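> generate a structure from the sequence data that follows.
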Amino acid sequence: MAQRSTVSDDRLDVTDVRRRLKAIFIGSVGNLVEWYDFYAYAAFALYFAGSFFPGHDPVVQQLNAALLFAFGFIIRPVGGWLFGHLADHYGRRSALMLSVLLMCFGSLMIAVTPTYASIGIGAPVLLGLARMIQGLSLGGEYGTSATYLTEIADEKHRGFYSSFQYVTLIGGQLCAILVLLLLQQIFLTPEQLRAWGWRIPFAIGALLAVTALVMRRNLLETDDFVAARALARKKESSVRALMKYPREVLVVVGLTMGGTTAFYTYTTYMQKFLKLSVGLNDTQTTMITAGSLVFALILQPLYGALSDKIGRKPLLIGFGVMGTICTIPILQSLQATRSASVAFLLIAGAWMIVAGYTSINAVVKAELFPTRVRATGVGLPYAITVSVFGGTAESVALWFKSIGHETWFYYYLTGLIATSLVVYATMRDTKHHSAIGRHE
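Residues are numbered from 1 along each chain as shown. Alright, predicted model coming up:
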């Protein structure tokens, strides 16, 4: 009988692992599609900026496009609140389905929006509206998917599994870069890309979002949410419930500040930096950006698994210390070089630092809050912080460049990382003080 019981337990364990892996895969694929759609804007801005913003100065055109990129972040806190409320009260699955549906609509809008030459000022207005829709979607996606991936994972491998949020987040941007590379090198000329080819990635994104929506229809609800819903006596305003955890909210803001600015510096802004400041050509810029993203993607699960062994706090402190010391030298060396190989190595070095934040920030935030307020607690303060610091990183950097003080941005980024380091040094290690499983 004991042997039969052991065999039965082993089968249950295998079934449980398969269930978790399937749910993580479906959740992650949807996340990848969302981030592909959002980052296609940044990847192709070099080609479509002239279609929406008249003028002859490429830096000014890119600044205008970057401002609209930042505009998409303004609405993200609303998405974090709205989808956090839906996820905490009606389930993670429903919120994840709605977010990918909205992203589909936003991408389709960009794909068919007329240019400035056709409808004048209406063109950038429609582009801004599409970016708001995408921002609303992404504001909800982050908190909900971070919560879902953390809750669906088992305790021993929570850091590893939740790191796939940034695997797919970076993977989404990598896919956008790869689409750009294929169009650049194989299918279209630079003139065709600027004329109409930039619409192609947004049409692809809309189709991928539909595919992700179909996949998410079969997504399993998490055990944590089911247990919390069974214990819930009454529904409470998500924001009001969140106000009972002021310390945790401030920790989310503090730990995100430096990390999100560094992340957007080495992703969305780096493509423009390599082109406008380093002076590399289009092909070199795209290849280096794609290569560095592949390297960053590989680092995420490695660092996530490491956090399961040694804790989350050492990785965050490592990012804070090394980011404070090395950011200015890395960016100064990058600006000075004219070698594509050296540029790649410098960006790869930066990613070895930044991955200490990106790989585990989702699980750290999720481990701060109990189940009934977790999606809102992760999504809303994070979205506000990203809107203020991450989404504006490219605009701030380009503005400093436009006034002749590009290096000021290096000090700005360093200061934000140093501020976050104070939070990392004083916070508790969430691996050992996790709120996962608390349903109050």
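
> can you tell me the centre-most residue of the protein?
Leu169 (5.0 Å; Cα atoms, centre = their mean).

> what's the closest non-adjacent residue to that one?
Trp35 (4.8 Å; Cβ to Cβ, 6 or more residues apart in numbering). Where you see a C-beta, it was placed from the backbone N, CA and C, and this is true even at glycine.

> report the mean per-residue pLDDT for the particular helix or strand that has that neighbour in it.
Using DSSP states H and E, Trp35 sits within helix 2-52. For helix 2-52, mean pLDDT is 69.

> then stretch 252-259?
Mean predicted lDDT for stretch 252-259 stands at 93.

> do stretch 334-344 as well
Mean predicted confidence for stretch 334-344 is 90.

> contact partners of that stretch?
For stretch 334-344, the surrounding residues in contact (Cβ atoms under 8 Å, 6 or more residues apart in numbering) are 273-274, 277-280, 284, 287-288, 291-292, 333, 346-347, 406-407.

> the same query, at a cut-off of 10 Å, please.
Contacts to stretch 334-344, defined as Cβ atoms under 10 Å, 6 or more residues apart in numbering, come from residues 270, 273-274, 277-281, 283-285, 287-289, 291-292, 295, 333, 345-347, 349-350, 406-407, 410.

> mind giving me the ChimeraX select for those, buried ones only?
Buried residues among the contacts of stretch 334-344 (16 or more other Cβ atoms under 10 Å), as a ChimeraX selection:
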select :270,273,274,277,278,280,284,285,287,288,289,291,292,295,345,346,347,349,350,406,410
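
> now do the SS call for Ala146.
Under DSSP: H, G, I helix; E, B strand; the rest coil, Ala146 falls in the helix class.

> what sits against it?
With Cβ under 10 Å, 6+ apart, Ala146 has these contacts: 27, 31, 162, 165-166, 361-366, 374-375, 378-379, 382.

> repeat that for Phe202.
37, 40-41, 44, 48, 106-113, 130.

> how far away is the residue nearest to Ala146 when sequence neighbours are not counted from Arg312?
Take Ala146 and drop its neighbours on the chain: the residue closest to it by Cβ to Cβ, 6+ apart is Ala362, 3.8 Å away. With distances taken as Cβ to Cβ, to the nearest Å, Ala362 is found 11 Å from Arg312.

> now list whatever residues contact both of these two.
159, 304.

> neighbour-wise, which of these two wins?
Using other Cβ atoms under 10 Å, the more surrounded residue of Ala362 and Arg312 is Arg312, with 29 against 26.

> okay, now Thr189: neighbour count?
Neighbours of Thr189 using other Cβ under 10 Å come to 11.

> before we move on, what about Ser94?
By other Cβ under 10 Å, the burial measure for Ser94, its neighbour count, is 17.

> do the one 3 residues further on as well
As a burial measure, the neighbour count of Met97 was computed by other Cβ under 10 Å and equals 19.

> what sits against it?
Met97 sits in contact with 30, 86, 91, 212-217, 219, where contact means Cβ under 10 Å, 6+ apart.

> give me the buried entries from those residues.
Using 16+ other Cβ under 10 Å, the buried ones in the contacts of Met97 are 30, 86, 91, 212-213, 215-216, 219.

> contacting residues for the residue nearest to Leu169?
Counted by Cβ under 10 Å, 6+ apart, Trp35 has contacts 103, 138, 141-142, 145, 165-166, 168-176.

> out of those residues, which are buried?
Here, 16+ other Cβ under 10 Å leaves 103, 138, 141-142, 145, 165-166, 168-176 buried among those.

> pick out whichever of those residues sits closest to Ala65.
Ala176 (14.7 Å; Cβ to Cβ).

> circling back to that earlier point, let me know the closest of the contacts of Met97 to Pro54.
The closest of the contacts of Met97, once distances to Pro54 are taken by Cβ to Cβ, is Ala212, at 35.8 Å.

> what distance do you get for the closest one to Glu221?
From Ala212 to Glu221 the distance is 18 Å (Cβ to Cβ).

> again with Ser118
Distance from Ser118 to Glu221, by Cβ to Cβ: 46 Å.

> swap in Gly205?
Taking Cβ to Cβ, one finds Gly205 at 27 Å from Glu221.

> and the pLDDT for the residue nearest to Thr371 when sequence neighbours are not counted?
With sequence-adjacent residues excluded and distances taken as Cβ to Cβ, 6+ apart, Thr371 is closest to Ala228, at 4.0 Å. At Ala228, the pLDDT value in this model is 72.
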